[in-house]
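Trainee: The sequence and its predicted three-dimensional model are supplied below.
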Amino acid sequence: MNYIIFEDLESNNLKPFSLNHASFEMRCGLHSNIERINNIIDSEDKLYLIVRTDIEDLIREKFNNCIVNPKLIPKGLFLNGATIWNRDLINKLELGKSYSNKGSLIAINSINSTSLEQFHKLLEDSIQVTLDINVIHIKYMWDLIFNIDDIIKHDLNNSDDFIAISNIDMPDNQLEKFHHSVITNNSKNIFISDVVEVGPGVVLDANDGPIVIDKHSKIDIGALIKGPVYIGQKSVINPGAKLRGNISIGPICKIGGELEDVVIQGYTNKQHDGYLGHSFLGEWINLGANTNNSDLKNNYSNIRMKISKDLEINTLRQFLGSCIGDYTRTGISTMLNSGTVIGLGANVFGSDFQDKYIESFQWGRKDKTDFQKFIETCTKMKERRNSKFSKIEIQLLKQIYNSID
């Protein structure tokens, strides 16, 4: 079977994430979108990725086991990369039919091959006649935030990798680093994978939703965690942190302060006190101590968000904080307004509330980051986590940098 994971013409609505990522890289809950599909397909199946040309080389490098943007795309099952898929949903897709969700094309079970040049015409033709299907589809980044609970539950229902702590007999090596003073509420809804460390005085309240702690993560002393929450592999929750529910934290993050309704892609630090709510953070971000964001306007009106210089959208949401792109950093006591968008590689600092739209590579309020110094700083940051830049990623970042006035 051929599985063709595609980005559609709406991928620009996913900025700032989509500046340097494909839609199927979005991570919320236990997996990224492409990981969910990989978990479904069989070893003899082939996986094709159709992406924008500007990120094609980077995607080919990241996913070298997949076929990226072939000149001839074979017949098979076309799946929108911004949709949350599982086996049951895929089994409902009938041969020769197209499927949509709220006006967005999400799948084609194609009986014909097509050229890469004609691919977008295929999408345009296929959307004309479709069957509507009930799925979680991410049209804007804030859609992730408001689907955290459903996505975590979806992933748990489709995973055998986690076990409820109520089902673990003591003594057990999986619980050997659970301090005896840990307080749990609804332990059958608290799940772990492999050995995790939970320190003295931690409160795990899963009454309103599951708490999932992935392998080799650490919950330090006195943290308060209220489900639904997913904590990714090798992440650390700092002492006294308050995770107030609807939170998805990707791998290798360090988290402190107060959070609610937050998605963090991964490799990001929010170590210190400060409030973060109804927000999306990408990768390799550092929020300075006492960085706070607003997620509710004083007049309780809907929040408008600029996803680019020229496109502002009424989100129809009363609660919405910030969407922050990769490699961005904030200074101590930075204040972010409701509906703030910060691009990639920005360095945000200064008194008073920041602008609601901050361009990629902006330095302070008016200047532009020195690109070479940016690369040097990020290289040091990556080395601390045994990672490094590739030449292809640096080239893409340089292209984005040069495109900014």
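Mentor: Thanks, I have the structure now. These numbers were taken from a predicted model, which means no experiment stands behind them.
Trainee: Walk me through which strands the helix or strand of the chain with the lowest mean pLDDT pairs with, and which way each runs.
Mentor: Every helix and strand of the chain was ranked by mean pLDDT, DSSP states H and E. The lowest is strand 163-164, at a mean of 90. Here strand 163-164 has these sheet partners by DSSP bridges: strand 190-192 (antiparallel).
Trainee: Contacts made by the following helix or strand past the strand it pairs with with the rest, please.
Mentor: Using DSSP states H and E, the helix or strand that follows strand 190-192 towards the C-terminus is strand 197-198. For strand 197-198, the external contacting residues (CB atoms under 8 Å, 6 or more residues apart in numbering) are 177-179, 182, 204, 213, 217-219. The way it works is simple: take the backbone N, C-alpha and C, and place the C-beta from them, glycine included.
Trainee: what about the very next helix or strand once past the least confident helix or strand of the chain, distance to the chain center?
Mentor: The C-terminal neighbour of strand 163-164 among helices and strands, as given by DSSP H and E, is strand 183-185. Between the centre of strand 183-185 and the centre of its chain there are 28 Å (CA atoms, centre = their mean, to the nearest Å).
Trainee: For strand 183-185, give the mean pLDDT please.
Mentor: The average of the pLDDT scores along strand 183-185 is 96.
Trainee: Mind listing what's buried along it?
Mentor: Within strand 183-185, the residues that count as buried by 16 or more other CB atoms under 10 Å are residue 184.
Trainee: Run through the stretch 251-400 of the chain and note the low-pLDDT ranges.
Mentor: Within the stretch 251-400 of the chain, no range satisfies pLDDT under 70.
Trainee: mind listing the helices for it?
Mentor: Secondary structure of the stretch 251-400 of the chain by DSSP state H, counting those that start in this stretch: the helices cover 371-383, 391-402.
Trainee: Report how many residues lie close to residue 338.
Mentor: Neighbour count for residue 338, taken as other CB atoms under 10 Å: 24.
Trainee: residues in contact with the closest residue to residue 158 other than its chain neighbours?
Mentor: Spatial nearest neighbour of residue 158, excluding adjacent residues (CB to CB, 6 or more residues apart in numbering): residue 86 at 5.1 Å. For residue 86, the contacting residues are 36, 40, 154, 158, by CB under 8 Å, 6+ apart.
Trainee: Excluding sequence neighbours, find me the nearest residue to the second one.
Mentor: So the one you mean is residue 40. Nearest residue to residue 40, sequence neighbours excluded (CB to CB, 6+ apart): residue 87, at 5.0 Å.
Trainee: cool, the first one as well?
Mentor: The spatial neighbour of residue 36 that comes closest, neighbours along the chain excluded (CB to CB, 6+ apart), is residue 85 at 5.5 Å.
Trainee: do the third one as well
Mentor: If the residues on either side of it in the chain are set aside, residue 154 comes closest to residue 84, at 6.3 Å by CB to CB, 6+ apart.
Trainee: Quick check: the gap between the one you found and residue 157.
Mentor: In this view, residue 84 and residue 157 are 12 Å apart by CB to CB, to the nearest Å.
Trainee: Looking only at neighbour counts, state which of those two leads.
Mentor: When neighbours are counted by other CB under 10 Å, residue 84 comes out ahead of the other of residue 84 and residue 157, with 21 against 9.
Trainee: distance of the more buried one from residue 38?
Mentor: Applying CB to CB to residue 84 and residue 38 gives a distance of 14 Å.
Trainee: for residue 225, same thing?
Mentor: As judged by CB to CB, residue 225 and residue 38 stand 29 Å apart.
Trainee: quick one: which of those two has more around it?
Mentor: Using other CB under 10 Å as the criterion, residue 225 and residue 38 rank with residue 225 on top: 24 against 17.
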